[in-house]
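Enquirer: build the 3D model from these lines:
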Amino acid sequence: MAVLAPPACAQSPAPGPVAVGVVQATRRPMTETEQFLGRVEAVRHVDVVARVTAFLQKRLFTEGDEVKSGDKLYELEKGLFQADLASKQAAVAQLQATLENAKLTTERARTLLSGPAGLQSNYDAAIANQRSLEAQVQAAQGQVEASQINLGYTDISSPIEGKIGRSVVTEGNVVSPSSGVLTTIVSQDPMYVTFPVSVREALILRDRYAPRGGFNAVVIRLQLPNGRMYGTTGQLNFANNTVTANTDTIVLRGEIANPPNQEVKGSGTPIRELFDGEFVTVLLEGVQPIEVLAVPRAAVLSDQQGSYVFVVGKDDTAEQRRIQLGQSTPTLAGVITGLQQGDSVIVEGLQRVRAGAKVAPGAPSAQLQALMKGTEPAAGEGSSATGGSSPGAGAAVGSSTTVGTAANPAQKDSAGPSRNPDGGR
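Expert: Prediction:
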């Protein structure tokens with residue numbers, strides 16, 4: 001019986017090098033940008049209160065409108081204050097008449113001193129009476145001024161220009177200094193922006209920007225709660241002189257314009273984008289770009305140990321390089337350590353690349369080539385790789401020469417090695 005030989009096993013060819021797209025790590029100008037959480041605050045905030053006790057007769061403003069300095073807001077009952085003023089003025093007139101008579105008496109006593117009927121004691125008494133009446137006239141005139149001031153308090157006017165809130169009281173109520181706040185007014189243009197910065201970051205910012213001009217070396221941009229960027233930039237103008245103990249932060253403050261961008265149809269009431277107490281994202285940007293070693297964010301991977309990239313080494317083998325990320329944008333990642341200028345960094349085909357594997361390097365896509373040539377928006381259009389700050393611990397600028405923050409190593413991903421298009425954030 002013939003024995004059949006087993007069929008020959010087909011042998012698969014050895015896998016070839018992985019085709020990858022590479023770019024050269026090059027230096028690019030990039031705007032330093034740090035992101036924090038802050039609040040908008042009015043430069044001036046006034047609580048309107050009554051200075052005298054009286055009935056409220058009229059409210060003369062529309063709640064929510066903008067008012068000018070000096071605009072009348074409330075009118076209180078004036079009758080009692082007018083009567084009091086008239087009484088005080090009459091008392092002044094009476095004393096002035098008595099004073100005139102005393103002056104005549106003094107003059108007669110002085111004239112008699114030159115004759116035998118004159119007595120020095122009469123003249124001295126006349127002088128004392130005249131001076132006493134002069135003091136009484138001055139006191140009465142002071143009472144008139146006080147009554148005039150109280151009468152003026154019956155018209156409550158706006159001390160500043162700004163937007164007025166709702167009225168707490170209505171016509172017919174009795175108001176007094178103990179009634180509390182009747183309404184509030186907040187100024188509208190410009191506005192303050194305050195945000196906390198950790199002391200550690202504040203020191204880094206100070207060291208970075210002090211030689212470049214301190215507060216003048218940065219500008220402030222705001223991202224509104226709806227995600228849209230506010231169109232006007234601001235300027236830092238203050239750093240608090242104490243550290244908040246429970247958060248170890250320093251509060252920074254900037255000033256930014258808040259002009260009207262439109263009006264309520266039919267009313268003429270201006271609409272402004274920033275509100276007192278509004279929660280915003282603060283972007284602190286350096287005025288002058290800096291040169292950083294940059295690679296596309298798509299090339300940056302991360303694992304539990306941090307961020308890394310693959311580069312093409314000797315004999316076209318893939319090498320893993322641990323890197324520390326610095327200032328970055330949504331499309332470019334700045335690299336502090338781990339790479340040198342001219343290194344060939346793998347940016348496409350990373351799914352099949354392993355350390356030590358053979359690769360076939362080639363040109364990347366046209367979009368990535370344009371990015372590295374600087375023809376796509378990259379510099380200064382995003383936040384740093386360090387991330388922003390929480391409401392309780394942001395970053396801050398120190399005294400008069402602080403601003404900015406240094407880049408920290410990328411955050412770790414507990415899920416193990418993975419693609420991270422955000423460059424390890």
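Enquirer: these two touch, right, residue 224 and residue 230?
Expert: Yes - the pair residue 224 and residue 230 passes the contact test of CB atoms under 8 Å, sitting 5.8 Å apart. C-betas here are computed from N, CA, C, even on glycine.
Enquirer: who has more neighbours out of those two?
Expert: The residue with more neighbours, out of residue 224 and residue 230, is residue 230; 21 against 15, by other CB atoms under 10 Å.
Enquirer: SS state for the closest residue to that one other than its chain neighbours?
Expert: Once flanking residues are discounted, residue 230 sits nearest to residue 222: 4.0 Å by CB to CB, 6 or more residues apart in numbering. At residue 222 the chain is in strand, as set by DSSP: H, G, I helix; E, B strand; the rest coil.
Enquirer: residue 222 contacts residue 229, doesn't it?
Expert: Yes - counting by CB under 8 Å, residue 222 does reach residue 229; the two are 7.3 Å apart.
Enquirer: residue 334 contacts residue 323, correct?
Expert: No - using CB under 8 Å as the test, residue 334 is too far from residue 323 to be in contact (9.9 Å).
Enquirer: what about the residue nearest to residue 230, how many residues close to it?
Expert: Neighbours around residue 222, by other CB under 10 Å: 24.
Enquirer: residue contacts, it?
Expert: Residues in contact with residue 222 (CB atoms under 8 Å, 6 or more residues apart in numbering) are 40, 193, 229, 230, 234, 256, 274, 280, 281, 282, 283.
Enquirer: try 10 Å this time
Expert: Residues in contact with residue 222, defined by CB atoms under 10 Å, 6 or more residues apart in numbering, are 38, 40, 191, 193, 228-234, 254, 256, 273-274, 278, 280-283.
Enquirer: which of those are buried?
Expert: Neighbour counting by 16 or more other CB atoms under 10 Å classes 38, 40, 191, 193, 230, 234, 254, 256, 273-274, 278, 280-283 among these as buried.
Enquirer: name the nearest residue to residue 77, ignoring sequence neighbours.
Expert: Nearest residue to residue 77 in three dimensions, chain neighbours excluded: residue 55, at 4.3 Å (CB to CB, 6+ apart).
Enquirer: would that neighbour count as being in a helix?
Expert: No - in this structure, residue 55 is strand, not part of a helix, as judged by three-state DSSP.
Enquirer: that one and residue 172 touch, don't they?
Expert: Yes - using CB atoms under 10 Å, residue 55 makes contact with residue 172 at a distance of 6.9 Å.
Enquirer: the two: which is more packed in?
Expert: With neighbours defined as other CB under 10 Å, residue 55 and residue 172 compare such that residue 55 has more, 15 against 8.
Enquirer: so where is this protein shaky, pLDDT-wise?
Expert: Where the chain drops to pLDDT under 70, the residues are 1-15, 117-118, 264-268, 374-425.
Enquirer: can you show me the helices along it?
Expert: For the chain, applying DSSP state H gives helices covering 79-112, 120-152, 199-209, 366-373.
Enquirer: would you map the strands across the stretch 251-400 of the chain?
Expert: 262-263, 270-271, 279-286, 290-296, 301-303, 306-312, 318-328, 332-337, 344-348, 359-362 (DSSP state E, counting those that start in this stretch).
Enquirer: out of the ones you listed, which comes closest to residue 137?
Expert: Nearest to residue 137, of all the strands of the stretch 251-400 of the chain, is strand 270-271, at 51.9 Å by CB to CB.
Enquirer: state the distance from residue 369 to residue 17.
Expert: Look at residue 369 and residue 17: by CB to CB, to the nearest Å, they are 22 Å apart.
Enquirer: now for residue 222 and residue 229: what residues contact both?
Expert: Both residue 222 and residue 229 are contacted by 281, 283, under the criterion CB under 10 Å, 6+ apart.
Enquirer: and the spatially most central residue of the chain, how far from residue 273?
Expert: For the chain, the residue nearest the mean C-alpha position is residue 193 (0.9 Å; CA atoms, centre = their mean). For residue 193, the distance to residue 273 equals 13 Å [CB to CB].
Enquirer: joint contacts of these two?
Expert: 40, 222, 230.
Enquirer: who's in contact with the spatially closest residue to the first one that is not a sequence neighbour?
Expert: Here the nearest residue to residue 40 in space, its sequence neighbours aside, is residue 278; by CB to CB, 6+ apart that works out to 4.2 Å. The contact partners of residue 278, taken as CB under 10 Å, 6+ apart, are 38, 39, 40, 41, 191, 193, 222, 224, 225.
Enquirer: roughly how far does the second one sit from residue 164?
Expert: The one in question is residue 39. Taking CB to CB, one finds residue 39 at 21 Å from residue 164.
Enquirer: so these two - more neighbours on which side?
Expert: residue 164 (21 against 16).
Enquirer: residues in contact with the more buried one?
Expert: 46, 48, 61-67, 71, 73, 158, 183-186.
Enquirer: which pair of those residues spans the longest distance?
Expert: It's 46 and 62 that sit farthest apart of the contacts of residue 164, by CB to CB, at 17.6 Å.
Enquirer: who's more crowded, those two?
Expert: Of the pair residue 46 and residue 62, residue 46 is the one with more neighbours under other CB under 10 Å, namely 17 against 12.
Enquirer: so how many other residues sit close to the residue lying closest to that one once chain neighbours are set aside?
Expert: Closest residue in space to residue 46, ignoring its immediate chain neighbours: residue 185 at 4.7 Å, by CB to CB, 6+ apart. Using other CB under 10 Å, residue 185 is surrounded by 25 other residues.
Enquirer: for residue 185, which residues are in contact?
Expert: Residues in contact with residue 185, defined by CB under 10 Å, 6+ apart, are 42, 44-48, 61, 66-67, 69, 71, 73, 158-165.
Enquirer: any idea what it is bridged to?
Expert: residue 46, residue 164 (DSSP bridges).
Enquirer: who are the neighbours in contact with the nearest residue in space to residue 123 that is not next to it in sequence?
Expert: Of all residues not flanking residue 123 in the chain, residue 109 sits nearest, at 4.0 Å (CB to CB, 6+ apart). Neighbouring residues of residue 109 by CB under 10 Å, 6+ apart: 118, 119, 120, 121, 122, 123, 124, 125, 126, 127.
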